[in-house]
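**Student:** Have a look; sequence and predicted model below, questions after that.
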Amino acid sequence: MIWNQLYGLRSYLKSSLWVVPFIAIPLELVVTRFLHWLDGWLGWTLLGLSVTGAQALLQVFVTATLSFVVFTFGSLLVAIQVASAQMTPRIIATTLLRNNVVKYTVGLFIFTLMFALSAQNKMEKEVHQLVMLVAALLGILSFAAFFYLIDYASRLLRPISILAHVGSAGLAVIESVYPDQSVGPDARRDERLPFEPPDRVIQHQGTSDIVLAINLKTLMAKAEKSDGVIEFVPQVGDFVAVDEPLFNLYGGAGSIDGETLRAAVAFGSERTIDQDPTFAFRIVVDIALRALSAAINDPTTAVLAIDQLHRMLRTVGKRHLRTDEIRGKSGELRMIFRTPNWEDFVHLAFSEIRACGSKNLQIVRRLRAMIDNLMQTLPAHRHAALLQELSLLDREIDKHFVYPEELALARIADAQGLGGHSGKPRH
């Protein structure tokens, strides 16, 4: 199986709720056979249950676990609809469907259900005491897991929990895409390559989709071996239509098989966070915009979103946002792979929220506090983009706040975004 197919399979398994419960079924069959054999070999009389009592207890576990499964999936469908409507549909695949607590809890319910049914079927005149002990423990554990799941789900679906989860995932992908700390300004590639035009162009085939990830190691190895340069034309997260340029090949790279290169690119219908450092920003910004809409009008949730943007921007600002040019072991240019720069992250974090929330005191004061803090904590070469955002914020404030008292208040940074005073007014 080629790399992009393996990547697609892994992504599908991560976001599929049915896989773990399905695996629980054959696992239960193996465990049940082993326990019945072990029970006959040990000959224990642990619980002293009669056949009637054991059958009744197992029936309780069957009914309870079946009810747990139905309730869990029914509640999950409702929760997905409510959460996607109030926050953003993009949290479904990235957060809700990838949650391991839900998967393994349902897997436990299915395992207990099947175990109780198997124990019932094998119990005629004799009670297998060891099997009943395990069934009782599984039943108790299922009840505990169900109560825990209700509490966990209620906490998970709060905006702060969703935002914190997305923020943590964003930090992880930022550190993987930009592994080095910043030591100075990020040099960017000159768009006018000295060896343009390309010797060969590899076009996208199949269906029009979004670039989810690429296998950089394979592409670098191919470029090194061919003594050429591979340019990946789109950026991770871009939509690529059929017959659009996918690779530009220069020098010896022109001899590389096109299918080999295409196999190093994973496509899908929806962006993922795996290799896309701006997608976490996009999700958080979408939640903030939904909260600022007239239909929901929840600026405090928007402030919580700005908290996560602040957290991610600080991490981005401290990383070396590498050049688009990737060089091989000999120091020669081998690949051109575009990644977002500092200005991209800053514009994404500020522009839309500023446009939608500039009439709200909570938002403008929290944005100012974020800018002030980033100016204090990030290197000097990150300040220009932040100063531009501060200038835009001041102009928006001047436009929307006509009363001198409100104008003065809007110019006071508030890190809490809840109306408290922090810092000094800016003039």
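**Tutor:** All right, it came through fine.
**Student:** the strands in this protein, which residues?
**Tutor:** Here the chain has its strands, by DSSP state E, at 200-203, 209-214, 228-232, 239-240, 245-251, 265-268, 325-327, 333-337.
**Student:** Please identify the deepest-packed of these.
**Tutor:** strand 228-232 (a mean of 25; mean count of other Cβ atoms under 10 Å). (Glycine included, C-beta is placed from N, CA and C.)
**Student:** And the contacts of it?
**Tutor:** Contacts to strand 228-232, defined as Cβ atoms under 8 Å, 6 or more residues apart in numbering, come from residues 193, 195, 198, 214, 219, 222-223, 246-256, 261, 265, 333-338.
**Student:** what angle sits between that strand and strand 245-251?
**Tutor:** Angle, strand 228-232 to strand 245-251, by axes from the mean of the first three to the mean of the last three Cα atoms, to 10 degrees: 160 degrees.
**Student:** Could you check the angle strand 228-232 makes with strand 209-214?
**Tutor:** 130 degrees.
**Student:** which residue packs closest to A241, ignoring adjacent ones?
**Tutor:** S208 (4.3 Å; Cβ to Cβ, 6 or more residues apart in numbering).
**Student:** dump the residue contacts of the one you found.
**Tutor:** Neighbouring residues of S208 by Cβ under 8 Å, 6+ apart: F239, V240, A241, V242.
**Student:** Would you state the helices of the stretch 101-250 of the chain in chain order?
**Tutor:** 129-156, 159-177, 216-226 (DSSP state H, counting those that start in this stretch).
**Student:** How about the stretch 301-427 of the chain?
**Tutor:** Remark: helices assigned in the stretch 301-427 of the chain by DSSP H, counting those that start in this stretch are 342-357, 361-377, 383-400, 404-410.
**Student:** Tabulate the ones you listed in a markdown table, adding columns for mean neighbour count and mean pLDDT.
**Tutor:** Below are the helices of the stretch 301-427 of the chain laid out as a markdown table (neighbours: other Cβ atoms under 10 Å; pLDDT from 0 to 100):
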| stretch | mean neighbour count | mean pLDDT |
| --- | --- | --- |
| helix 342-357 | 19 | 95 |
| helix 361-377 | 21 | 94 |
| helix 383-400 | 16 | 94 |
| helix 404-410 | 14 | 89 |
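**Student:** can I get those helices in TSV with distance to I92?
**Tutor:** Formatted as TSV, those follow (distance: least, Cβ to Cβ, whole Å):
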stretch	distance to I92
helix 342-357	21
helix 361-377	26
helix 383-400	31
helix 404-410	36
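**Student:** how about the ones you listed, which one is nearest I140?
**Tutor:** helix 361-377 (46.8 Å; Cβ to Cβ).
**Student:** Could you list every helix and strand in contact with that closest one?
**Tutor:** helix 299-317, helix 342-357, helix 383-400, helix 404-410 (3 or more Cβ pairs under 8 Å, 6 or more residues apart in numbering; DSSP states H and E).
**Student:** Which elements pack onto the second one?
**Tutor:** Same thing as helix 342-357. So helix 342-357, by 3+ Cβ pairs under 8 Å, 6+ apart, packs with helix 277-292, helix 299-317, helix 361-377, helix 383-400.
**Student:** still on that earlier bit, between the helices of the stretch 301-427 of the chain, which one is closest to Q416.
**Tutor:** Here helix 361-377 is closest among the helices of the stretch 301-427 of the chain (Cβ to Cβ), at 7.8 Å.
**Student:** dump the residue contacts of the nearest residue to H165 once chain neighbours are set aside.
**Tutor:** The shortest distance from H165 to any non-neighbouring residue, by Cβ to Cβ, 6+ apart, is to T95 (5.5 Å). For T95, the contacting residues are I162, H165, V166, by Cβ under 8 Å, 6+ apart.
**Student:** hey, least reliable of the strands of the chain by pLDDT?
**Tutor:** Of all the strands of the chain, strand 325-327 carries the lowest average pLDDT, namely a mean of 85.
**Student:** Run me through the strand neighbours of that strand, direction for each.
**Tutor:** strand 333-337 (antiparallel) (DSSP bridges).
**Student:** ok, and what's touching the partner strand?
**Tutor:** Against strand 333-337 from outside (Cβ under 8 Å, 6+ apart): 189, 193, 214, 216, 219-220, 223-224, 228-232, 248, 324-328.
**Student:** Thank you kindly, that will do.
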